[in-house]
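Q: Sharing a sequence plus its predicted fold:
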Amino acid sequence: AFDAPTQGSGKTLLAQTVGALAGGAKIMSPLPPRNEEEVAKTLLSVLIQSPRAVVFDNQIGVVDSASLAAVLTSPVFEGRVLGSTSTVSSPTNCLVMLTGNNITLGGDMPRRTVTVRIDAEMETPFARAFTFNPLEIVQADRFGLTVAALTLVRAAFGASVAGRIGSFEAWDRMVAQTVRWLDDDRFADPLDLILEAHASDPVRDETHDLLEGIKSIFGETYFTARDLIDKINSHAAGVGPMRDALNGMVTSLNSRSVGRALKFRVGQRVKGLVLTCPQNAGTHGHTIRYRVISESGAGSGSVVTEFRK
């Protein structure tokens with residue numbers, strides 16, 4: 001993800017330059033925000049063209065897509081293409097890049113993305129003049145640059161260890177750890193960049209606001225989705241941030257929507273808090289009850305499932 005605080009900083013040019021190393025990048029419009037069905041169709045329509053690299057240019061808002069996360073993890077992506085009802089599948093061996101101003105990664109995206117931020121520290125970065133064009137340099141010497149990169153990978157591989165990033169072990173060992181092996185202050189460990197993106201995930205912050213608000217009202221006692229709604233409707237003290245967080249998770253404040261939002265977050269650990277519910281919460285005829293406990297109460301690495309009703 002190529003990010004900058006100001007337009008005209010060179011995000012698209014840098015993405016094209018990286019794409020040229022892969023053999024050329026296809027430039028696309030941004031992925032549709034908050035429309036997962038359209039995102040899936042867009043991704044599939046691009047992948048079946050077998051591009052070496054693709055750039056979704058000028059992305060806006062929070063990037064949080066289950067379909068894009070699947071493309072970045074799975075070897076094959078399946079779905080319906082735009083304007084068709086037939087189902088097709090395509091390999092995902094394609095470098096995916098995003099550009100945008102102050103891009104925010106949410107949900108599963110931070111763990112799957114390395115963010116590159118360009119800050120020219122000036123109001124009109126597009127007015128800068130350069131004596132070289134990085135895209136032309138790469139296009140003229142792609143073979144030499146590729147040989148140099150593979151030489152570094154080969155040199156660093158003996159010092160690498162088993163992958164540190166789940167689902168991306170091979171990438172971590174060949175790419176991220178090669179950068180780390182260089183031991184050059186100019187280059188950050190890509191793992192650190194992923195951890196930074198994870199820490200600034202707005203979806204994670206929303207979950208924390210929700211859990212913190214619930215704990216301030218109910219303590220570590222059990223509650224239902226209905227109990228939570230009643231507290232919000234009664235304007236109890238401390239419900240403000242919790243209500244704001246819920247507004248970003250549900251379309252309407254009813255037991256089904258709130259219950260779905262809570263169930264999705266059971267077991268998630270956020271800044272020392274974790275949401276739990278009984279193991280047989282889905283048993284027919286029983287109202288699902290939850291409670292928020294501190295990380296110390298959950299136990300490090302323990303399974304936060306309970307058996308009380």
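A: Yep, that arrived.
Q: Tell me where this structure has strands.
A: 2-4, 25-28, 53-56, 62-63, 76-80, 87-91, 95-101, 104-105, 116-117, 269-270, 273-278, 291-294, 305-306 (DSSP state E).
Q: So for residue 124, which of those strands sits nearest?
A: Of all these, the one in closest proximity to residue 124, counting by Cβ to Cβ, is strand 2-4 (12.8 Å). Any C-beta I mention is one placed from the backbone N, CA and C, and that applies to glycine too.
Q: and that closest one, which strands flank it?
A: Take DSSP bridges as the rule and strand 2-4 pairs in its sheet with strand 95-101 (parallel), strand 116-117 (parallel).
Q: and these as CSV, adding mean pLDDT and mean neighbour count?
A: Formatted as CSV, these follow (pLDDT from 0 to 100; neighbours: other Cβ atoms under 10 Å):
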stretch, mean pLDDT, mean neighbour count
strand 95-101, 95, 21
strand 116-117, 90, 15
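Q: hang on, the earlier thing: could you dump the strands of the chain to JSON lines with distance to residue 127?
A: Converted to JSON lines, these look like this (distance: least, Cβ to Cβ, whole Å):
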{"stretch": "strand 2-4", "distance to residue 127": "15"}
{"stretch": "strand 25-28", "distance to residue 127": "23"}
{"stretch": "strand 53-56", "distance to residue 127": "23"}
{"stretch": "strand 62-63", "distance to residue 127": "29"}
{"stretch": "strand 76-80", "distance to residue 127": "41"}
{"stretch": "strand 87-91", "distance to residue 127": "41"}
{"stretch": "strand 95-101", "distance to residue 127": "17"}
{"stretch": "strand 104-105", "distance to residue 127": "27"}
{"stretch": "strand 116-117", "distance to residue 127": "20"}
{"stretch": "strand 269-270", "distance to residue 127": "43"}
{"stretch": "strand 273-278", "distance to residue 127": "47"}
{"stretch": "strand 291-294", "distance to residue 127": "52"}
{"stretch": "strand 305-306", "distance to residue 127": "59"}
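Q: Of these, which shows the lowest average pLDDT?
A: If the strands of the chain are sorted by mean pLDDT, strand 305-306 sits at the bottom with a mean of 40.
Q: Identify whichever of the strands of the chain lies nearest to residue 172.
A: Of all those, strand 95-101 comes closest under Cβ to Cβ, at 16.3 Å.
Q: Residues in contact with that closest one: which ones?
A: 1-7, 11-12, 15, 18-19, 22, 25, 30, 52-60, 63, 68, 71-72, 113 (Cβ atoms under 8 Å, 6 or more residues apart in numbering).
Q: For PyMOL, write the select line for the buried members of those residues.
A: Only the buried entries of the contacts of strand 95-101 go into this PyMOL selection, using 16 or more other Cβ atoms under 10 Å:
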select buried, resi 1+2+3+4+6+11+12+15+18+19+22+25+30+53+54+55+56+57+59+63+68+71+72+113
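Q: Thanks a lot, see you next time.
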